[in-house]
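1. predicted structure and sequence below. I'll ask about it afterward.
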Amino acid sequence: MIEAWLWLVPAALALAAVVTAALHLSRSEREQRRDTNLALYRQRRRELASEAEGALQEELQTELQARFLEDEADDSVVPANPKPATRMRLGTAASFSLVAAVAAVAIYAVIGEPDAPALAKAGTLLRSTDIVADDPRLAVAERALAAHLAANPEDADAWFLLGQAQSGQGRMAEAAMAFRHASLISNHNPTLEMHWLGAAFAAGDGTLDSDARIAGQRILAAHPDHAATLEIMAVDAARRGDFNTAATYLERLASQRRDEEAAALVAEMLRQIRARQDPTRPLVQVTVEIPATQLNDPWLFIIARPP
């Protein structure tokens with residue numbers, strides 16, 4: 001008998017757990033709950049048959065029957081506004097999904113690049129070769145780039161695209177400033193400085209400002225034979241009346257192998273520049289370096305000839 005009571009203690013605890021679970025499941029659908037309770041009842045009945053005998057079995061069995069009937073009575077009462085647990089779970093999941101989506105959009109707007117599609121579209125447009133000055137898409141691209149640069153002023157690529165949009169509309173002075181920003185941010189990238197030089201040359205009607213002129217000198221320091229830069233620098237020097245410097249650039253340009261038409265044009269420009277040079281200017285500059293030791297022969301002959 002004592003052994004039977006010892007078995008009844010865990011059985012009673014298990015029964016309490018079953019009753020508690022049954023109470024929590026009262027929010028589920030009615031058919032599911034009845035099937036679950038009936039299965040639990042039959043299972044516990046079989047367990048009791050092997051754990052206790054006689055009056056103890058009858059007592060616990062009666063208690064289980066009573067609890068089962070109470071559950072059945074509760075199931076017969078239909079609430080005024082039934083809200084199945086499944087619908088509650090779906091509603092909660094939907095609400096969470098909505099909140100997560102809103103939060104993701106907010107975070108992306110702060111730390112992401114919401115204007116990336118517009119910038120990509122602008123880049124594709126500005127790199128095409130069939131754009132005309134009155135294309136309305138240029139103004140749209142310019143507005144998108146300006147909005148992006150207001151929040152990202154150190155984006156050299158965006159400054160470059162902005163310069164292209166402005167030069168495409170014929171606003172060369174603004175384009176030169178945009179290319180200048182791109183060059184400064186990129187630590188004087190030669191390609192960007194070439195765009196800056198060309199836009200500044202067009203904006204100044206053939207004359208460079210001091211900053212663009214220095215950019216041209218940097219280009220020639222890195223690429224001494226860059227033909228377009230030599231031409232721009234020669235015309236700029238001639239417009240400023242510095243014919244000696246203009247002749248120097250043109251002579252470097254004339255020494256390059258070019259097609260006949262281009263070579264003839266450079267030769268004509270060089271002829272006109274030399275005609276306007278100062279006739280009293282020294283035509284030859286000679287620098288002589290001799291060793292520090294004294295020469296035995298007091299005569300030094302220098303022969304100069306054109307290269």
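-> Here it is on my side, so go on. Residues are numbered from 1 along each chain as shown.
2. so where's the stretch 101-250 of the chain shaky on pLDDT?
-> For the stretch 101-250 of the chain, the stretches with pLDDT under 70 are 101-134.
3. hmm, 90 instead?
-> Along the stretch 101-250 of the chain, segments meeting pLDDT under 90 span 101-149, 151-152, 155-158, 161, 163-170.
4. any buried residues in stretch 266-281, and which?
-> Buried residues in stretch 266-281, defined by neighbour count with 16 or more other CB atoms under 10 Å: 266, 269-270, 273. In this view, the C-beta of every residue, glycine as well, is placed from N, C-alpha and C.
5. so how far is Gly163 from Ala182?
-> Distance, Ala182 to Gly163, using CB to CB, to the nearest Å: 7 Å.
6. neighbour-wise, which of the two wins?
-> Set Ala182 next to Gly163 and count neighbours by other CB atoms under 10 Å: Gly163 wins out with 28 against 24.
7. on that earlier part again, could the buried residues of stretch 266-281 be laid out in a markdown table, adding secondary structure, distance to Ala141 and pLDDT?
-> Formatted as a markdown table, the buried residues of stretch 266-281 follow (DSSP: H, G, I helix; E, B strand; the rest coil; distance: CB to CB, whole Å; pLDDT from 0 to 100):
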| residue | secondary structure | distance to Ala141 | pLDDT |
| --- | --- | --- | --- |
| Val266 | helix | 37 | 90 |
| Met269 | helix | 37 | 90 |
| Leu270 | helix | 41 | 90 |
| Ile273 | helix | 41 | 91 |
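8. identify, from those residues, the entry nearest to Arg239.
-> Nearest to Arg239, judged by CB to CB, of the buried residues of stretch 266-281 is Ile273 at 11.4 Å.
9. returning to what we had before: tell me the residues that contact both of Ala182 and Gly163, please.
-> Listed contacts common to Ala182 and Gly163 are 195-196; contacts here mean CB atoms under 8 Å, 6 or more residues apart in numbering.
10. give me every residue that touches Trp196.
-> 163, 176, 179-180, 182-183, 212, 215.
11. tell me the one of the residues you listed nearest Phe201?
-> Distance to Phe201, by CB to CB, is smallest for Ala212 among the contacts of Trp196, at 7.3 Å.
12. now name the helix or strand holding the closest one.
-> Ala212 belongs to helix 210-222 when elements are defined using DSSP states H and E.
13. tell me the helices and strands packed up against that helix.
-> helix 172-185, helix 190-203, helix 227-239 (3 or more CB pairs under 8 Å, 6 or more residues apart in numbering; DSSP states H and E).
14. got the buried residues for it?
-> Result for helix 210-222 [16+ other CB under 10 Å]: buried residues 212-213, 215-216, 218-220.
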